[in-house]
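S.K.: Sequence and computational prediction follow.
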Amino acid sequence: MSIIGVLIAGLIIGLLGKFVAPGDKDNIPLWLTLVCGVGGVLLGIVVSQALGWYGTPGVDWLFWIVSIGLSAVLVVAASTITGKNTVGR
């Protein structure tokens, strides 16, 4: 995947990661959500290559599912680290 592909996929995956992250009151900025998306895609590539799921013919559905899940984890982690998570306060 090219740099442009990673950035575009990261933008979309970051928003999907925020959507599937638990709790709807995490107030992290949009730029941080997008950074989490790019990080999720990059980590998704590493994990998928390690498991042999990346680069298969056709659409790599497992890669995309892993990337969305990792982005959701990064969004929750960023919300917790920045202290802007308002759930339970």
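M.R.: Arrived safely.
S.K.: separation between the spatially most central residue of the chain and P57?
M.R.: Nearest to the geometric centre of the chain sits S71, at 1.9 Å (C-alpha atoms, centre = their mean). The span separating S71 from P57 equals 25 Å under the rule C-beta to C-beta, to the nearest Å. Every C-beta, even on glycine, is put in place using the N, C-alpha and C of the backbone.
S.K.: re the thing from before, so the residue nearest to the centre of the chain makes contact with C36?
M.R.: Yes. Taking C-beta atoms under 8 Å as the definition, S71 is a contact partner of C36 at 5.5 Å.
S.K.: coming back round to it: report pLDDT for the residue nearest to the centre of the chain.
M.R.: Residue-level confidence at S71 comes out at 83, pLDDT.
S.K.: List the contacts of it.
M.R.: S71 is in contact with I13, G14, L16, G17, K18, C36, G37, G39, G40, V41, counting by C-beta atoms under 8 Å, 6 or more residues apart in numbering.
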